[in-house]
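Peer 1: whatever this is, show me its structure:
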Amino acid sequence: MIIYRSFSSSFAKEERFGSFKSFVLLVAFAILATSNSYAQASFETIDGLCYLIYSDTKTAALTVTPGEKYSGNIVVPGKVKASNGVEYTVTSLGANCFYGCSGLTSITIPSSVTSLGESCFYECI
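Peer 2: Numbering: from 1, shown residues only. Purely as a prediction, here's the structure:
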């Protein structure tokens, strides 16, 4: 009986380990599959604003700058030049990019911007 119990216990542990291994492989596969779409993206701060730069499409999205609360007059440029010297067209304002910036008095958005992210101006009075 003891032999049976230890064998059974061992088998159960092996089964659990196998499902954990499967889970880890599934997560790794999901990360690899999604990372390809972000492989051509990088963050850069240009003239005090943070952008997500997409080198494959030569576009940029204004994004949240952690810990920064903008105030005054903000002018979002139509194009930005990244550290690699390439110009990128600003096409969107990302989710929460001006969240809680209650000190904004005006913001100029170029015509190249075709989308505003969720809660882009949330809690801006």
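Peer 1: how about stretch 68-81: buried residues?
Peer 2: If you call a residue buried by 16 or more other Cβ atoms under 10 Å, then stretch 68-81 has these buried ones: Tyr70, Ile74, Val76, Pro77, Val80. Quick note: C-beta positions are derived from backbone N, CA and C, even for glycine.
Peer 1: farthest-separated two in those residues?
Peer 2: Tyr70 and Val80 (16.2 Å; Cβ to Cβ).
Peer 1: ok, the nearest residue to Gly103 once chain neighbours are set aside - contacts?
Peer 2: For Gly103, ignoring the flanking residues on the chain, the nearest one in space by Cβ to Cβ, 6 or more residues apart in numbering is Ser71 at 2.8 Å. Residues near Ser71 by Cβ atoms under 8 Å, 6 or more residues apart in numbering: Cys101, Gly103, Leu104, Thr105.
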